[in-house]
Every structure is written in C-alpha cells, then in structure tokens.
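Q: Make a model of this:
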Amino acid sequence: MNRFAYFLLFSLLAFISCSNPGEKPPANAGKVTAEKQPAIFDGKSLAGWEACDYVAAGEVSVDGKTGVLRINRGEILSGVRRLGYDKDQLPKLNYEVTMEARRVEGDDFFCCLTFPYRETHATFVLGGWGGSVCGISSIDFMDAMDNSTMTAREFVEGQWYKIRLVISDNRFQGFVDGDRIVNVGIKGRKIGMRFGEIEESVPFAISTFRTTGEYRNIEIRKLEEPEIAAAAKLDEEDEF
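A: So this is what the prediction gives:
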C-alpha cells in the first residue's frame, strides 16, 4: 500500500472514531437563549435613572450597601424617574409594580408613583393632602382627593410599607401591606396626569412633596395569563 493509500485509510478511521450517528444535537441547538429582563432598579446606583426636573428639588441618592433609594425633601416636589426599561420600553398594560417605601421626614406624600397606561400616564399617590390621602390621579380630570379611588390611611414615620400596583386592561388596583385600597374600573374613562410639574415625572418615577422618602426592592413584572384573566373578572364586581 503506497503512502497516499495509508493517508486515505487513516483519515477515514479518524472520521469514524469522532462521529456518533446515534448522538442527538442539544435541544437548544440553533436557538438563542432569551435575554433575562434586567431589574428596573439594581439597588446599587442610579444607573438608568435621573432626577426629575422639578424646581428646588431635593437630592436623590442610593446607598449601595443597603439597596435603599432616597429622595430628600425639596421646597415642593422632588423625585427620580426611570429613563427606559427592557430596551427602552416600559410595559404599558398588564403588569404590576412592587416596592417597599417609607416616609423619613415630612407630612405629605412620600410616594407618588408615576406609571404608564396605554399611551398615557397616571400616578398612585400615598400619604398626600396632609399625610393620609391615597388614590389615583387623575381619572376623568379629577385628582385622587376628588375621585372614587380616594382613601385615607395613617403612615407611621420611619416604617416600611409594601406597595403593589396592578395595571390591567380596564382596571387599576393598589395595595398597601396586602390591603387593597384602590380597585377602580377605568374602561372608557379619561386617564392622565395632573397638570403641573408632576408631568416631568413621566414615564416612570417616584416623587415626594416636601417630604423625604426611601425605597427598596423596586420591581416591575408582566402579568401571567391567569392573572390577566382574574383581573378581567373583577370588571364584573362593584368598584370601591
């Protein structure tokens, strides 16, 4: 057998030894792994956030050791807004926002959460109008103080509260420590921001009014199909 024949035989044996006809390719072969949705707040910095453009606003900072976002008291409004989320797109429907919040100093709202709804925005106010009023602003051009979402609740200075806001197709629901304080049907109603400086907080922000507030564990999550269906059933109930 000449040298060329030996070379062909060796190449054939090497190919057979490296091949395994019975071996199947990995199930995810040829597929791109879905990119994990980034956290809206990393608890370490203000990356992706900026101070709202309010007049004489208080300083905004993050304690990277405790994961706490702090909005210091300003002359009127102070706040911080998120510039973008998930490739610069915030969810606009069928999602929930959760966080922990507390009033550190002051006697007005310590958490005014601006959030997107379809092509507009609204706010979930906690502890406004002297320290206790909660609700959604604005619905049919009426603020939380004047519409059906208004409730009054005492907030103890320095105490952390678990906040949850659910934005579904035709309903807003707001919770404090698991208690549902807002449950309003919004089909066919006018949803929008209160006129004034608060409009600087879109698309997603936390603001205070002459008050210092702190926040942690800020998260946004898209609702699952069973949750969307459950929210739709609430449209058959009486709102309060």
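Q: Run through who's touching stretch 72-82.
A: With contact meaning Cβ atoms under 8 Å, 6 or more residues apart in numbering, stretch 72-82 is reached by 40-41, 46, 48-52, 54-61, 69, 71, 90, 105-106, 112, 114, 197-198, 200-212. Heads up, the C-betas are built off the backbone N, CA and C, glycines and all.
Q: for the record, mean pLDDT for that stretch?
A: When pLDDT is averaged over stretch 72-82, the result is 97.
Q: Quick one: residues contacting the nearest residue to Phe41 once chain neighbours are set aside.
A: The spatial neighbour of Phe41 that comes closest, neighbours along the chain excluded (Cβ to Cβ, 6 or more residues apart in numbering), is Ile218 at 4.0 Å. The neighbours of Ile218, taking Cβ under 8 Å, 6+ apart as the test, are 40-41, 69, 97-99, 206.
Q: Keep only those of the contacts of stretch 72-82 that are in strands.
A: Per DSSP state E, strands hold the following members of the contacts of stretch 72-82: 49-51, 60-61, 69, 71, 105-106, 112, 114, 204-209, 211-212.
Q: Just the buried residues out of those residues, in PyMOL syntax.
A: A single PyMOL command selects the buried members of the ones in strands among the contacts of stretch 72-82 (16 or more other Cβ atoms under 10 Å):
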select buried, resi 49+51+60+69+71+106+112+114+204+205+206+207+208+209+211+212
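Q: Among the contacts of Ile218, find me the one that's closest to Gly188.
A: Nearest to Gly188 among the contacts of Ile218: Val97, at 23.8 Å, using Cβ to Cβ.
Q: I'd like to know how far the closest one sits from Glu75.
A: Note on Val97: its distance to Glu75, by Cβ to Cβ, to the nearest Å, is 27 Å.
Q: Please identify which of these two sits among more neighbours.
A: Using other Cβ atoms under 10 Å as the criterion, Val97 and Glu75 rank with Val97 on top: 20 against 11.
Q: Leaving out sequence neighbours, find the closest residue to that one.
A: Leu165 (4.6 Å).
Q: wait, isn't that neighbour in contact with Cys112?
A: No. The criterion here is Cβ atoms under 8 Å, and Leu165 misses it with Cys112 at 11.7 Å.
Q: any common contacting residues for these two?
A: Taking Cβ under 8 Å, 6+ apart as the criterion, Leu165 and Cys112 both touch Phe124.
Q: number of nearby residues for Ile167?
A: Neighbour count for Ile167, taken as other Cβ under 10 Å: 25.
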